[in-house]
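Undergrad: missing the sequence, but the structure's below:
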Ligand code: NAD
Ligand code: IPM
Ligand code: MN
């Protein structure tokens, strides 16, 4: 039997720093759990632009389509701010998502017990929190036409278009309902049906899918602005939240702070099943390339490591091993280990990125 294949795209800024820690975890699984992966590595984002003049080479795109799963660090950085829009690092990531048709972006926000005191919200608001944001990832205002900056009269006009088809809404709604059945059985759909036609369609289609196939799941609807408020007021009222591409981007960064740090949030971007029955998949932390701390050993590798745990669960049918890895993260946090983003003002001496990765490997080792 051949090993499952993984394409690793570390990207820019702290991307390669956090990915180096994931490599330690992958190596551990190969050596100690008899779970070897065929790992290849390539460039994306600014790193790909520097070498090829494009943020995603066609060969890399082709490889991504062939492997069992892609693991991505982060893209972007100030060095690339003035590049033409078409070759910006972020375009590489958007191309991967679009061409792999990764329409369902799962962004779980879980508050580990050891960090309940660290959130900027009160402890009882976040302790035990476990919610899942399902963000539509391949359509909406990120991709709609027309778009661009045009001249009109004597000024420039910036244009982006929110566009959703019924089938695009239905497939992400189904993904959300399916997930809810395996969790708390509740879905809250967020849009702005009060001001946007695409929001009216969103609400209609989610309701139709619910009535047709998922009436056993509790469904509610909320305007996305009120949803943002409720996420901060009492996030534990939610189980699964489903929303469009842009609202999902914003709401998931909001949810990140319920867990203590953006450096804690993993994600899985899933598409339709491949010939082997597994979904097309890309796993990446929710955070970006963090130029303010890049190159200083300060990055928290947990979001990227937990993204690999999601790969174990959703691409490789290794739910028990995903649990083991998540438990190892919980263990090191309970031991008091903190990277700088989680060290706060309490006089905790932070560990560096590599020390955090080593501690998680040690916790894995102790678990067998
Ligand atoms: P960011 O997520 O990179 O950083 C926001 C803040 O969170 C910074 O203060 C940063 O230091 C901190 N932070 C983020 N990840 C951290 C980690 N793992 N450990 C510790 N602290 C962490 O967002 P930004 O500053 O708005 O964007 C920087 C660049 O990253 C931009 O070019 C943006 O387009 C890109 N970006 C890429 C992705 C991605 O690749 N998926 C996601 C978001 C932003
Ligand atoms: C994210 C990022 C991306 C997005 C950017 C880098 C294209 O913010 O993954 O959350 O807006 O989707
Ligand atoms: Mn984002």
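TA: Ah, there it is. Given the structure is predicted, the values throughout are model-derived calculations rather than measurements. Ligands and ions are numbered 1, 2, ... in the order given.
Undergrad: how about the residues of the stretch 151-300 of the chain near ligand 1?
TA: 262-263, 284, 287-293, 299-300 (Cβ under 6 Å from any ligand atom). Quick note: C-beta positions are derived from backbone N, CA and C, even for glycine.
Undergrad: Kindly confirm my reading that residue 350 forms part of a strand.
TA: No - looking at residue 350 with DSSP: H, G, I helix; E, B strand; the rest coil, it is coil, so not inside a strand.
Undergrad: Counting only helices, which of the residues of the stretch 151-300 of the chain next to ligand 1 make the cut?
TA: Assigned to helices by DSSP state H, none of these qualify.
Undergrad: Pick the one among those residues closest to ligand 2.
TA: residue 288 (5.9 Å; Cβ to the nearest ligand atom).
Undergrad: so who does the closest residue to the closest one other than its chain neighbours touch?
TA: Nearest non-adjacent residue to residue 288, counting by Cβ to Cβ, 6 or more residues apart in numbering: residue 74, 5.0 Å away. By Cβ atoms under 8 Å, 6 or more residues apart in numbering, the contact list for residue 74 reads 11-15, 18, 45, 284-285, 287-290.
Undergrad: and residue 323, helix, strand or coil?
TA: Secondary structure assignment for residue 323 (three-state DSSP): helix.
Undergrad: where's it relative to residue 312, distance?
TA: 9 Å (Cβ to Cβ, to the nearest Å).
Undergrad: who's more crowded, the two?
TA: More crowded of residue 323 and residue 312, by other Cβ atoms under 10 Å: residue 312, with 23 against 14.
Undergrad: Any idea which residue of the stretch 1-150 of the chain lies closest to ligand 1?
TA: At 2.3 Å from ligand 1, residue 76 is the closest residue in the stretch 1-150 of the chain, using Cβ to the nearest ligand atom.
Undergrad: That residue contacts residue 90, doesn't it?
TA: Yes - with contact defined as Cβ atoms under 8 Å, residue 76 and residue 90 form a contacting pair (5.6 Å).
Undergrad: what residues are shared contacts of these two?
TA: residue 45.
Undergrad: So between these two, which is more surrounded?
TA: residue 76 (23 against 16).
Undergrad: touching ligand 1 at all, stretch 120-140?
TA: No - Stretch 120-140 stays clear of ligand 1 (Cβ under 6 Å from any ligand atom), getting no nearer than 11.2 Å.
Undergrad: Any buried residues in that stretch, and which?
TA: Judged by neighbour count using 16 or more other Cβ atoms under 10 Å, the buried positions of stretch 120-140 are 121, 125-126, 129, 131-140.
Undergrad: now stretch 168-181
TA: Buried-residue list, stretch 168-181, by 16+ other Cβ under 10 Å: 168-177, 179-180.
Undergrad: tally of neighbours for the residue of the stretch 201-350 of the chain found nearest ligand 1?
TA: Here the residue of the stretch 201-350 of the chain nearest ligand 1 is residue 288; by Cβ to the nearest ligand atom that distance is 2.3 Å. As a burial measure, residue 288 scores 20 neighbours (other Cβ under 10 Å).
Undergrad: what about the helices in the chain?
TA: 15-32, 46-52, 58-66, 89-99, 123-126, 166-181, 197-213, 224-233, 245-259, 302-314, 319-334, 340-343, 353-366.
Undergrad: Show me the shaky parts of this protein.
TA: 345-346 (pLDDT under 70).
Undergrad: Quick check: can you list the domain ranges of it?
TA: Per automatic domain parsing, the domain ranges recorded for the chain read 1-107+265-368, 119-259.
Undergrad: Just say which of these is most tucked in.
TA: domain 1-107+265-368 (a mean of 19; mean count of other Cβ atoms under 10 Å).
Undergrad: what separates that domain from the chain centre, distance-wise?
TA: Here domain 1-107+265-368 is found 9 Å from its chain centre; the criterion is Cα atoms, centre = their mean, to the nearest Å.
Undergrad: What is the end-to-end distance of that domain?
TA: 25 Å (Cα to Cα, to the nearest Å).
Undergrad: can you pull the contacts of residue 112?
TA: Contact analysis of residue 112 by Cβ under 8 Å, 6+ apart lists 259-260, 264, 329-330, 333.
Undergrad: again, 6 Å this time
TA: 330, 333 (Cβ atoms under 6 Å, 6 or more residues apart in numbering).
Undergrad: Bridge partners for residue 9, pull those for me.
TA: residue 72 (DSSP bridges).
Undergrad: Quick check: residue 72 touching residue 8?
TA: No - assessed by Cβ atoms under 6 Å, residue 72 is found out of contact with residue 8, at 8.0 Å.
Undergrad: on that earlier part again, can you redo the residues of the stretch 151-300 of the chain next to ligand 1 as CSV with distance to ligand 2?
TA: Below are these laid out as CSV (distance: Cβ to the nearest ligand atom, whole Å):
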residue, distance to ligand 2
262, 10
263, 14
284, 7
287, 8
288, 6
289, 9
290, 12
291, 13
292, 16
293, 17
299, 16
300, 16
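Undergrad: Dump those residues to JSON lines, plus distance to residue 235.
TA: As requested, these are exported to JSON lines (distance: Cβ to Cβ, whole Å):
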{"residue": "262", "distance to residue 235": "16"}
{"residue": "263", "distance to residue 235": "19"}
{"residue": "284", "distance to residue 235": "23"}
{"residue": "287", "distance to residue 235": "19"}
{"residue": "288", "distance to residue 235": "23"}
{"residue": "289", "distance to residue 235": "27"}
{"residue": "290", "distance to residue 235": "24"}
{"residue": "291", "distance to residue 235": "29"}
{"residue": "292", "distance to residue 235": "27"}
{"residue": "293", "distance to residue 235": "26"}
{"residue": "299", "distance to residue 235": "25"}
{"residue": "300", "distance to residue 235": "21"}
